[in-house]
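Enquirer: have a look at this prediction, sequence included:
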Amino acid sequence: MNNIKPKCSICMQTYSNETFLRPCFHSFCFECICYWINITPESANCPICRQSIQSLVYNVDEENNDFDEYFLKDRQYETHEPPLRRKRTLSPGEKIKLQRKQVYKGLYHQTNYPEPLPRHANLTIITPEHIPRVFI
């Protein structure tokens, strides 16, 4: 039998506090999606399907049918920092995995570029949503 565990599509590791996005319900690690939604104002969209994220569903406890939900507010005025409130202690392996995900946190800063010269003002900037998706 295969013991393949689902992985976060941001960090490519097994989930650490699997977090679901509403309305699309794609899932990511809590730390990964929190970092993602604070990169730029446009990043409050799902990294997979690009739908606007309304809320994060995290700290899911299937045994007690319990979870936390954080609703995203207007992105222009604040950064999103949902409270984590861990419900259980982490195993040594989970602690190491969480520390590994935080190694690069803070090393990548948003870059502000100057306005383009007038002769380049009409150029189109290519972003991921301009690239067609090809499924094989």
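Expert: Noted; the coordinates are in hand. Residues are numbered from 1 along each chain as shown.
Enquirer: what count of nearby residues applies to Pro92?
Expert: 7 (other Cβ atoms under 10 Å). To be clear about C-beta, it is placed using only N, CA and C from the backbone, and glycine gets the same treatment.
Enquirer: could you do Cys8 as well?
Expert: 21.
Enquirer: kindly report the same for the one 3 residues further on.
Expert: The burial count assigned to Cys11 is 18, neighbours taken as other Cβ under 10 Å.
Enquirer: OK, contacts around it?
Expert: Cys11 makes contacts with 29, 32, 101, as judged by Cβ atoms under 8 Å, 6 or more residues apart in numbering.
Enquirer: go on, Ile48?
Expert: With Cβ under 8 Å, 6+ apart, Ile48 has these contacts: 9, 24, 26.
Enquirer: ok so, going back, so which of the contacts of Cys11 comes closest to Ser16?
Expert: Cys29 (4.6 Å; Cβ to Cβ).
Enquirer: how about the strands in the protein?
Expert: For the chain, strands defined by DSSP state E occupy the ranges 18-22, 27-29, 55-61, 66-71.
Enquirer: I'd say Thr19 and Ile53 touch.
Expert: No. The pair Thr19 / Ile53 is not scored as a contact, 10.6 Å apart, by Cβ atoms under 8 Å.
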